[in-house]
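A.B. asks: sequence isn't available, so here's the structure alone:
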């Protein structure tokens, strides 16, 4: 019996798909990220000392859904990096993209969300000013200590609170118990590292700001 043969066209298509996938994976890996030093590590969480950096932020008020706030905020940020700024500059994609819950920033002192985009090194000193209608603002992120917990899959309204609670439980049983920053108005952030079109191998993190990092450690990072 004659063995089935794979046509050259099919083989070429498969090789092309693999090549495109590898190129995309390499491109994602090459995206810029804010600089940090790991100061403490456990099996289920990590403490990082982040350097000072500039982020572009999109306030999202009157929306209580994390997913809806993320979509609305990122839509405005995406326009900005595609050239909707006073310089018409294209800004390279960076990672992660943060959705931060901010206490008292909404109507009647309710909570609100901020969508935050890390600006690549090229634009750290002089961020392109966004078009006024986008309602975006550059924000100087001072050096800070962040507790992080990784989780996979998609970040949704149905799972983010559970992941935040897991991080809080881990911290409560560690030397970092009671170290949440009392001065910070940020309750927590969800960091997303992947395109929404990626289904497998997604990486997300819960971020909670802590007290106790020595800022001058940054100089030796």
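C.D. replies: Perfect, thanks for sending it. Treat the numbers as computed from the prediction; the structure is a model and nothing was measured. Residues are numbered from 1 along each chain as shown.
A.B. asks: CA atoms for contacts and neighbours, from now on please.
C.D. replies: Fine.
A.B. asks: ok, now how distant is the nearest residue to residue 150 once chain neighbours are set aside from residue 121?
C.D. replies: Nearest non-adjacent residue to residue 150, counting by C-alpha to C-alpha, 6 or more residues apart in numbering: residue 205, 4.3 Å away. According to C-alpha to C-alpha, to the nearest Å, residue 205 stands 22 Å off from residue 121.
A.B. asks: quick one: the helices in the protein?
C.D. replies: With DSSP state H, the ranges of helices along the chain come out as 8-29, 66-81, 160-172.
A.B. asks: need the contact list for residue 97.
C.D. replies: By C-alpha atoms under 8 Å, 6 or more residues apart in numbering, residue 97 lies in contact with 115, 116, 117, 118, 191, 192, 193.
A.B. asks: could you rerun that using 7 Å?
C.D. replies: When contacts are counted by C-alpha atoms under 7 Å, 6 or more residues apart in numbering, residue 97 is found next to 116, 117, 191, 192, 193.
A.B. asks: may I ask which of those residues has the most neighbours?
C.D. replies: When neighbours are counted by other C-alpha atoms under 10 Å, residue 116 leads these with 27 neighbours.
A.B. asks: residues contacting that one?
C.D. replies: Contacts of residue 116 (C-alpha under 7 Å, 6+ apart): 55, 56, 57, 58, 97, 98, 99.
A.B. asks: do that again at 6 Å, thanks
C.D. replies: By C-alpha atoms under 6 Å, 6 or more residues apart in numbering, the contact set of residue 116 is 56, 57, 97, 98.
A.B. asks: show me which of residue 205 and residue 121 is the more surrounded one.
C.D. replies: When neighbours are counted by other C-alpha under 10 Å, residue 205 and residue 121 differ, and residue 205 comes out ahead with 24 against 14.
A.B. asks: got a pLDDT number for residue 84?
C.D. replies: If you check residue 84, the pLDDT there is 98.
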